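Participant: Sequence and predicted structure are below.
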2 protein chains.
Amino acid sequence: MAKAPVLTPRADDFPRWYQDLINKAELADNGPVRGTMVIRPYGYGLWERMQQELDTRIKAAGASNAYFPLFIPQSYLTREAAHVEGFAPELAVVTHGGGKDLEEPVVVRPTSETIVNEYFAKWVRSYRDLPLLINQWANVVRWEMRPRVFLRTTEFLWQEGHTAHATYEDARDYAAHIHRNVYADFMTEVLGIDVVLGRKTARERFAGAVNTLTLEGMMGDGKALQLGTSHELGQNFARAFHTRYLSKEGTEELVWQTSWGASTRMVGGLIMSHGDDDGLRVPPRLAAVQAVVLAIKGDEPVLAAVRETADRLRLAGVRVQVDDRTDIPFGRRAVDWELKGVPVRIEIGPRDLENGTAMLVRRIPGGKEPVAVGDLAGLLPTVLEDDQALLLTESRARREARTADVSTVEEAAEAAAAGGWARIPWATLGTRGEAALAERGVSVRCLVAEDGAVPETDDEAGSVAIVARAY
Amino acid sequence: MAKAPVLTPRADDFPRWYQDLINKAELADNGPVRGTMVIRPYGYGLWERMQQELDTRIKAAGASNAYFPLFIPQSYLTREAAHVEGFAPELAVVTHGGGKDLEEPVVVRPTSETIVNEYFAKWVRSYRDLPLLINQWANVVRWEMRPRVFLRTTEFLWQEGHTAHATYEDARDYAAHIHRNVYADFMTEVLGIDVVLGRKTARERFAGAVNTLTLEGMMGDGKALQLGTSHELGQNFARAFHTRYLSKEGTEELVWQTSWGASTRMVGGLIMSHGDDDGLRVPPRLAAVQAVVLAIKGDEPVLAAVRETADRLRLAGVRVQVDDRTDIPFGRRAVDWELKGVPVRIEIGPRDLENGTAMLVRRIPGGKEPVAVGDLAGLLPTVLEDDQALLLTESRARREARTADVSTVEEAAEAAAAGGWARIPWATLGTRGEAALAERGVSVRCLVAEDGAVPETDDEAGSVAIVARAY
């Protein structure tokens, strides 16, 4: 007997599948103000784990957390010309406060380079104060015309790093360090997404940056998602905000800067990378709950076995939750855990008890098999690591299978329209080809070097453009 | 030789001492928009540790984290009459977004009861969905006319819990559980502040609540600071937002609710509770850095001993930082650590090396003594626990010494004006006495029962009012 689908199948309507999954797995709701979202506990739990893993890596990279105000004087935004041009259309503006019209309207931060620089200029005196490495976890607001939960929301949560360095080389190396050792490491090793690391073209660069490094993932429908960016800001903001230091040699110099961010958009990327027609699949290293132990019936011996099994798994270092809500039909609970994508279910009922076994159900490869209860704790850590690796392997296989090497703009546009990525020499494409693709809703996601490295200049010989439709 | 004071002495000008300390210990700066603040890394580190400790306790109380939008439609605020009356004068209003005037202005959340209830009303169907226990870590905005860093800021960071229950009793008990087992436990055991637990009078109650439980601490100048509140909301918001559930008996019922919050204001409370004329004193359980190991000179044997000592302390479970910035004069670094209030300094120089000792400097009781290097790891955990206890003892002693039992409104006002707290029977004071005190800038901080318990009604026989000037 075929199961009635819980979600719209991906092949029928990918965007609707995405929205169905978010609703039914109780990840998020749309907020009342257009483009905002309510992140529900299960969805927020994914974000909390992302925060923990990223925060550890950010601190290991030497940065400290701080907090800058939500409200920025409108005049700050205008000091860096490219920056204000990029962000002006998306700003939310507060004009009333405390029952009065404000003398100068304030903007709700869309990002914090300007206000951060105002303070860096006060805090930095000499080369001894550098590098200054700051990160903040915060909400930002960018008015969205075509919002989609987690992917494009008027308000989103993120971390934004802001650093100041004495030399160009030090800033460049730090932006690259964040790109590879913080973001790529986290996305590959924890999220299980096979991201491509590259350099943005001038057209796609962050407003105010001299170089934007990006991490691009291929989603289940073959489209691209930018999962994080790390920018070299050069001296653009330093010039606008007079962020100077006294060098060892006694001269006044402008600092060199970076900024870098990753957001709740990654939750959307997780869904679209690993979700299937039954729901989400959460990578075990990310999962707040790696294994759920389910009581099929509410008999005391079953409940006791469930608790005991959960305790044993906890001792083996597995993050476990017990589901003993036996007033809810077992089938409904099983479907719910499938939807939520908990990597492993351990199901225990009276018959299992008699046999001394439990049913081990694996969400990621699929399939179930009875396992002797005594073997579970020994088995699970390996199962979870295998499942973690499997998601990354699938992600890589998809990207490889759906990426085509092409040699004309026309072929690139067709490959993208067919739901895949195209690789085309940047020397062939160029800014004119890029503009032609843009008219067809296709963008250059990034430039990569022939050997997969990140090009060091906009026009490095041998650079290849990765071209796709994107979220 | 007397030290030149680094800070304005508390006895000379307490508010100026507070501001000096915040500047010189690099805790925070004023933001560019009036009333906002920039929390610098050392100040934010204190908040991060508060978050960790509170979050653990909140999760142990069964609540899950989620996230609701920053922007609330103005119309939501008006649905609960008392609530809008309380918050309307403090609202920040966004009137422009994405380059256009908005059809309906949106307010920046001053607190989230309204928007939370809009979603609780959708999520809650039956008694099986209750209790619904949610918490969020977020920024909120309340326009401040007389801002002071950490204590009263236009934007502040906090956690706000929101829960829905099937019965009055369950909601009442949960609000009390948060009050005592989350907030009081954290403030007493981690912050080392001897808070008084009480009930707010009707006049001081949260706008929209039927009962507000509070935790009040006495600051170094004898004034009171409200450090956290836990509210019973009754069915006020449920009625306004139609938050109903289907009972076991099949009837439609309104839920009973609570909300509760604690904020970055606690950082201000920490400073004013434990700070002295040399700077901050951070309780060891809160401190991100419990001990700093300082190299007095930059010789290699000294640096090696510093690293080795730090490693040994880390193994003993102490949170340690190394200070080997020997290009900065030792005296300046020592003063800076005093200002920052790190509980223990271990100073090592060439002479100490010869003797096989290190100088152990204790910030909390004060004083220094040479200790054999080999004894440090064994000694420090005890020293830190003693210092933790000492701060709480001092806090309690201050409250007891500066609290007077009085029997007239006049005496209560005088005691408060003299920089202390007064205890006066609520039957004597009453709402008329409370109003008379208010005219003199004195408020009833809370009502307590004779035995120190929290009164269960506004007019419980034998209740005593704690009266003080407050931040």
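Facilitator: Right, received. Where do you want to start? Quantities reported herein were computed from a predicted structural model and do not represent experimental measurements.
Participant: Only C-alpha atoms from now on, for both contacts and neighbour counts.
Facilitator: Will do.
Participant: Name the residues linked to A:Leu447 by a beta bridge.
Facilitator: A:Arg199, A:Ala465 (DSSP bridges).
Participant: dump the residue contacts of it.
Facilitator: Going by C-alpha atoms under 8 Å, 6 or more residues apart in numbering or on different chains, A:Leu447 touches A:198-201, A:426, A:454-455, A:463-466.
Participant: How much space separates it from A:Arg40?
Facilitator: As judged by C-alpha to C-alpha, to the nearest Å, A:Leu447 and A:Arg40 stand 37 Å apart.
Participant: just to revisit the earlier point, just name the closest of the contacts of A:Leu447 to A:Leu384, please.
Facilitator: For the contacts of A:Leu447, the closest approach to A:Leu384 (C-alpha to C-alpha) belongs to A:Gly198, at 30.4 Å.
Participant: which residues touch stretch A:409-418?
Facilitator: By C-alpha under 8 Å, 6+ apart, stretch A:409-418 touches A:223, A:404, A:406, A:421-424, A:429, A:433, A:436-437, A:440, A:442, A:467-469.
Participant: and if we set it to 6 Å?
Facilitator: A:422, A:468-469 (C-alpha atoms under 6 Å, 6 or more residues apart in numbering or on different chains).
Participant: do stretch A:364-379 as well
Facilitator: A:313, A:316, A:356-361.
Participant: Highest neighbour count among those?
Facilitator: A:Ala358 (28 neighbours; other C-alpha atoms under 10 Å in any protein chain shown).
Participant: are any of the contacts of stretch A:409-418 buried, and which?
Facilitator: A:422, A:468-469 (16 or more other C-alpha atoms under 10 Å in any protein chain shown).
Participant: So which of the residues you listed belong to helices?
Facilitator: Within the buried ones among the contacts of stretch A:409-418, no residue falls in helices by DSSP state H.
Participant: Nearest to chain B among these?
Facilitator: Checking the buried ones among the contacts of stretch A:409-418 against chain B by C-alpha to the nearest C-alpha gives A:Arg469 as the nearest, at 24.3 Å.
Participant: What is the neighbour count of the nearest residue to that closest one once chain neighbours are set aside?
Facilitator: Sequence neighbours aside, A:Val442 is the residue nearest to A:Arg469 in space, at 4.7 Å (criterion: C-alpha to C-alpha, 6 or more residues apart in numbering or on different chains). Per other C-alpha under 10 Å, the neighbour tally for A:Val442 reads 22.
Participant: I'd say A:Val442 and A:Ala470 touch.
Facilitator: No. Under the criterion of C-alpha atoms under 6 Å, A:Val442 is not in contact with A:Ala470, lying 7.3 Å apart.
Participant: okay if I get the contacts of stretch A:364-379 as a markdown table plus secondary structure?
Facilitator: Shown next, in a markdown table, are those (DSSP: H, G, I helix; E, B strand; the rest coil):
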| residue | secondary structure |
| --- | --- |
| A:Leu313 | helix |
| A:Ala316 | coil |
| A:Gly356 | coil |
| A:Thr357 | strand |
| A:Ala358 | strand |
| A:Met359 | strand |
| A:Leu360 | strand |
| A:Val361 | strand |
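Participant: ok, which pair from the residues you listed is furthest apart?
Facilitator: A:Ala316 and A:Gly356 (19.5 Å).
Participant: From chain B, how far out is the nearest residue to A:Gln235 once chain neighbours are set aside?
Facilitator: Leaving aside its sequence neighbours, A:Gln235 sits nearest to A:Trp256 (C-alpha to C-alpha, 6+ apart; 5.2 Å). Distance, A:Trp256 to chain B, by C-alpha to the nearest C-alpha, to the nearest Å: 20 Å.
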